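> Quick one, fold the following:
(one chain, ligands or ions: 2)
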Amino acid sequence: MLTSKENKCIQIVRHYVESVFIDDETGHDYEHIKRVVTLTTRFITNEDAFVAIMIAYMHDLFDDKLNKVDSIEEAFASMVKKEGLDLLGKDKEILKGIMSIGFRGGFNTVKQSPEAVLVSDADYLDAMGAIGIARCFYYAGTKGHPIYDAQLDSVVIDNEQAYRNEKRNAIRHFDEKLLKLKDRIQTPSAQEMANDRHQFLLEYYQRFWDEVL
Ligand code: ADP
Ligand code: NI
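Ligands and ions are numbered 1, 2, ... in the order given. Here you go, the predicted model:
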């Protein structure tokens, strides 16, 4: 399915991405990247496998929460040069794909290439189900947000800036994002997984509020 040149490039990118994310404490650890790559690979049918896998490995590299860069285009170009990557003339497609991944509070949606849709679906799936719940509370913990504090219950998020920065209850992330993901997923095989993970989120969410009393 992949040529030897494509495989060689994937290997270099894998090592680079592993070195960047190995110490991450925001829930974007290298295992998250690996899961997104694995799911993306499973979802490929007629798409360009090399482009999809490249986007999957690099989708969180220039995320503003992790790695604030002035220009993603420049940061991407400098990484390509430094690592001596030969992206086989597909640089633009890959960069555009990377830039189109991310929920952003649902405020900034862009049209995605078929390859980017696969990665988006894989990334959304990893924010759902058991892993998704763990990542939600872990992320909130690293930001100093409480699990649930009645005082913070009225915080309203109505723009991307607030979505990124406002202190609020971790459980609210279910309403803001996690419970909305099922309806954003486009790939049929990913939709099937999403239905199952969504059911689990709902059950957890219900029990959470039962136990809050
Ligand atoms: P992704 O890796 O899908 O691009 P994000 O970068 O938005 O997702 O966030 C990383 C992880 O942290 C995801 O599982 C996401 O749901 C979770 N997360 C993001 N923002 C918050 C928040 N305000 N509270 C709790 N969890 C969050
Ligand atoms: Ni991600």
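
> Up against ligand 2, what does the protein have?
On the criterion CB under 5 Å from the ion, ligand 2 has as its neighbours in the chain the residues Asp60, Asp123. Placement of C-beta: from N, CA and C, glycine included.

> Which residue ranges of the chain form strands?
Under the criterion DSSP state E, the chain contains no strands.

> quick one, longest helix in the chain?
Ranked by residue count, the top helix of the chain under DSSP state H comes out as helix 188-212.

> could you pull out the helices for the chain?
According to DSSP H, the helices that the chain contains are 4-21, 30-43, 49-58, 72-82, 91-99, 114-125, 129-142, 160-165, 173-176, 188-212.

> out of those helices, which comes closest to Phe107?
Ranking the helices of the chain by distance to Phe107, with CB to CB as the measure, places helix 160-165 first at 4.3 Å.

> Show me what counts as buried in the closest one.
Of the residues in helix 160-165, those scored as buried under the neighbour-count criterion (16 or more other CB atoms under 10 Å) are Tyr163.

> per-residue confidence averaged over that helix?
When pLDDT is averaged over helix 160-165, the result is 91.

> got it, and stretch 99-109?
In the prediction, stretch 99-109 has an average pLDDT of 89.

> And ligand 1, is that stretch touching that?
Yes. Using CB under 6 Å from any ligand atom, stretch 99-109 reaches ligand 1 at Gly102, Phe103.
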